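> I would like the atomic coordinates for the input below:
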Amino acid sequence: QVQLAESGGGLVQAGGSLRLSCTASGLPFSSYIMGWFRQAPGKEREFVGAITRSGSLTTYADSVKGRFTISRDNAKAMVYLQMNSLKPEDTAVYYCAADRSATMRIQSRLYDYWGRGTQVTVFS
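Numbers count the residues shown, from 1 in each chain. Now for the predicted structure:
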């Protein structure tokens, strides 16, 4: 059974940092592209960023580029989202997702497995 579990969310002041983690089990982790998405209340789920199987390449949404960094540790089956210079508009539930395709994709419907999410709240 495939499981993805996010952790590290919380309450942080604007300008601060958080590091989210996602632990995967039940799948050949290094064979999956990993993505991060977020969903704010009343809004659709949106792409945050993704990382290739090897971790050599990443891509980000324009809204987080330069502030967020994705990394992965295939030996530990974990992917991370380092979030710096947080803004109130970053407030959302953050999800990690796994995609078995060969290329990074931004469409959430194309991802195969999802975690349950972790809440990030940024206050000013």
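> can we go C-alpha only for contacts and neighbour counts from here?
Fine.
> Now do stretch 58-72, average pLDDT.
Confidence over stretch 58-72 (mean pLDDT, whole number) is 98.
> tell me which element Tyr80 is part of?
Using DSSP states H and E, the element containing Tyr80 is strand 78-83.
> immediately after that strand, which helix or strand?
strand 92-99.
> That next one pairs with which strands, parallel or anti?
Taking DSSP bridges as the criterion, strand 92-99 forms sheet pairs with strand 33-39 (antiparallel), strand 113-114 (antiparallel), strand 118-123 (antiparallel).
> With respect to Ser85, which of those strands lies nearest?
Each of the strands paired with strand 92-99 was scored for nearness to Ser85 using CA to CA, and the closest is strand 118-123 (10.2 Å).
> Identify the residue nearest the residue most central in space within the chain in space, chain neighbours excluded?
Centroid check for the chain by CA atoms, centre = their mean gives Trp36 as the closest residue, at 2.3 Å. Leaving out its chain neighbours, the residue that sits closest to Trp36 by CA to CA, 6 or more residues apart in numbering is Cys96, at 4.5 Å.
> how far away is the one you found from Gln13?
As for Cys96, its distance to Gln13 is 23 Å (criterion: CA to CA, to the nearest Å).
> re earlier: does the residue nearest to the centre of the chain touch Ala92 like I think?
No: in this structure, Trp36 is not within contact of Ala92 by CA atoms under 8 Å, at 11.9 Å.
> Run a quick neighbour tally on the nearest residue to Lys87 once chain neighbours are set aside.
Nearest in space to Lys87, with sequence neighbours left out and distances taken as CA to CA, 6+ apart, is Ala14 at 5.0 Å. Applying the criterion other CA atoms under 10 Å, we find 17 residues in the vicinity of Ala14.
> How about Ser21?
Counted by other CA under 10 Å, the residues lying close to Ser21 total 22.
> From what I see, it and Met83 are in contact.
No: the criterion here is CA under 8 Å, and Ser21 misses it with Met83 at 11.1 Å.
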